[in-house]
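Student: sequence first, predicted model second:
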Amino acid sequence: MFFNGLSRRRFAAMAGWSALAISTRPTKAAGRNSKGASEPPNPGRNSFPRGFLWGTATSAYQIEGAVDADARGPSIWDRFVRLDGKIVDRSTADVANDHYHRYKEDVELIKELGVKAYRFSIAWPRVFPEGSGAPNPKGLDFYHRLVDELLANGIEPFATLYHWDLPQSLQDRYGGWQSRDTSKAFADYAGYVAGRISDRVKHIFTINECARLVFAGYGTGIDAPGLTLSPRELNQVRHHVALGHGLAVQAVRSRGRKGTKVGPAENIEVCIPAIETPANIRAAEIATRELNAGYLTVMLEGKYTDAFLAYAGANAPKFTAEDLRIISSPVDFLGLNVYMPNHYVIAGDNGNDFALMPFAATYPHMDSSWLRIGPEAMYWAPRNAAKLWNVKSIYITENGTSAADRLTPDGKVYDVDRIMYLRNYLTHLNRATSEGVPVRGYFLWSLMDNFEWSDGFEKRFGLYHVDFQTQRRTPKLSASFYREVIRRNAVM
Ligand code: FCB
């Protein structure tokens, strides 16, 4: 209580302010330079390495809209969103952010953040409306325009080949990733795209989050195509997705320009030592290797771990030695999507290498119930990957949070919860880079609010608020925060 018994909130409400903004003291001269711009209080402290690449990210289906434009074919998501009860607000992404028509305006928004890189995805059904066969030149034209616009504005394009929008035709013909024909079609598409964009796009990601697309698309059915397969079938899908990644790496190498860099963008299962003792740290490393066995481990080691195969037993995937060689084709970098701790780990007993701690019901999360708050995930994810697989180059390909953002009557969004989340995660990223973990860049998810899969438009992850009725974009307070991080190349 203050001001003669008025609570702070009540006072603000009476004064008609949506956020409390009182300035009673002049800013100290000491913190300002002669032009009046504020200096970092302690340059060097909490800084990131010189040349650290700050970026932001989106994906095609979540923002583009224009699902019928220029001979695009249908994707599994176009079909899925029309199934009863699959999308919480019954929305579709037919229009979404209308980015297909507004990309110039959106590149302007990217530029205003001061970021140097932008991660977007290419819609396979625009390029090959049937998934394979005859390409549709108009499909790739859109990405040519986008890439040119980015480069003209000094923003480096990072392209993802597959962010879940499988051409429906491949689902109909092959059962999607249930068949290795889809892995092969993916490689053809990857080679075709790399051959045409690698004169300007130097970094290519193969598949976004193999683990999520397999688990949610074919296991729980929460994502398209909405299947609930048996453990044996699911393991085979997993193998075909990993194979698709490996074939795409090879296709980019053979058809892209020399020097084109390629790697995955995986949602690593993040394992954190519950208490940082040497034994727990070692346990978290072993857990990381085992719990990522179907994806990062096989991609980087060229084999399924003994524990993975033993656990799968009769349900293990069918594979050949040649498959494993393809899956583990050398990559130039690892992309890691890091949102939350998946597991807190301690050393095991009774012959077990590790033990996973349960999460109590009171464990805190952000606006999405799955999005547990655990900023140290941002240290341990790249640290464990670099240690286990001797990786020399890592990009954080996604990190960010949903928040119950509200536009205030003064037209602002005061998302201090997002700032809290970002500040804490970036502080732990800073710990990683300070210790020499080779993280080269960071892509904040997301540039703007967009179609959040089965959550429809109910969850907002953007730095820019989007009014989906008017398509008006409004920078949130977190956009100012991120701009300042980038300007200082430091977290504060
Ligand atoms: C990731 C997805 C991305 C977005 C964020 C919130 O798993 O890659 O498309 O939905 O979560």
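Tutor: Good, I have the coordinates.
Student: can we go C-alpha only for contacts and neighbour counts from here?
Tutor: Noted.
Student: what about residue 357, neighbour count?
Tutor: Using other Cα atoms under 10 Å, residue 357 has 12 other residues around it.
Student: the nearest residue to it once chain neighbours are set aside in helix, strand or coil?
Tutor: Among residues not flanking residue 357 along the chain, residue 344 sits closest, at 5.5 Å (Cα to Cα, 6 or more residues apart in numbering). Put simply, residue 344 is strand when judged by DSSP: H, G, I helix; E, B strand; the rest coil.
Student: so which elements touch the helix or strand harbouring residue 141?
Tutor: Per DSSP states H and E, residue 141 falls inside helix 137-152. Judged by 3 or more Cα pairs under 8 Å, 6 or more residues apart in numbering; DSSP states H and E, helix 137-152 is in contact with helix 99-113, helix 124-127, strand 156-162.
Student: and the most centrally placed residue in the chain, its phi and psi?
Tutor: Nearest to the mean C-alpha position of the chain, by Cα atoms, centre = their mean, lies residue 398 at 3.0 Å. According to degrees, to the nearest 10, the main-chain angles of residue 398 amount to phi -150, psi 140.
Student: distance check, it against residue 219.
Tutor: 23 Å (Cα to Cα, to the nearest Å).
Student: returning to that earlier point: of all the helices and strands packed on helix 137-152, which one is nearest residue 256?
Tutor: With Cα to Cα, the closest approach to residue 256 among the helices and strands packed on helix 137-152 belongs to strand 156-162: 13.0 Å.
Student: circling back: restrict the helix holding residue 141 to CA atoms and write it as CSV.
Tutor: Only the C-alpha atoms of helix 137-152 are listed here, as CSV (Å, rounded to 0.1, in the frame of the first residue of the first chain):
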residue,chain,number,x,y,z
PRO,A,137,8.0,-22.7,-60.6
LYS,A,138,5.7,-20.1,-59.1
GLY,A,139,6.1,-21.8,-55.7
LEU,A,140,9.8,-21.1,-55.4
ASP,A,141,9.3,-17.7,-56.9
PHE,A,142,7.8,-16.5,-53.6
TYR,A,143,10.9,-17.5,-51.7
HIS,A,144,13.2,-15.9,-54.3
ARG,A,145,11.3,-12.6,-53.7
LEU,A,146,11.5,-13.1,-49.9
VAL,A,147,15.2,-13.9,-50.0
ASP,A,148,16.0,-10.9,-52.2
GLU,A,149,14.0,-8.6,-49.9
LEU,A,150,15.9,-9.9,-46.8
LEU,A,151,19.3,-9.5,-48.5
ALA,A,152,18.4,-6.0,-49.7
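Student: report the angle between the axes of it and strand 156-162?
Tutor: With axes from the mean of the first three to the mean of the last three Cα atoms, to 10 degrees as the basis, helix 137-152 and strand 156-162 are set at 150 degrees to each other.
Student: give the buried residues for helix 137-152.
Tutor: Neighbour counts over helix 137-152 (16 or more other Cα atoms under 10 Å) mark 139-140, 142-144, 146-151 as buried.
Student: and the furthest pair within these?
Tutor: Spatial extent of the buried residues of helix 137-152 (Cα to Cα) is set by the pair 139 and 151 at 19.4 Å.
Student: quick one: low-confidence ranges for this structure?
Tutor: 1-44 (pLDDT under 70).
Student: please identify which of the buried residues of helix 137-152 is nearest to residue 117.
Tutor: residue 150 (8.7 Å).
Student: now do the contacts for that closest one.
Tutor: 107, 156-157 (Cα atoms under 8 Å, 6 or more residues apart in numbering).
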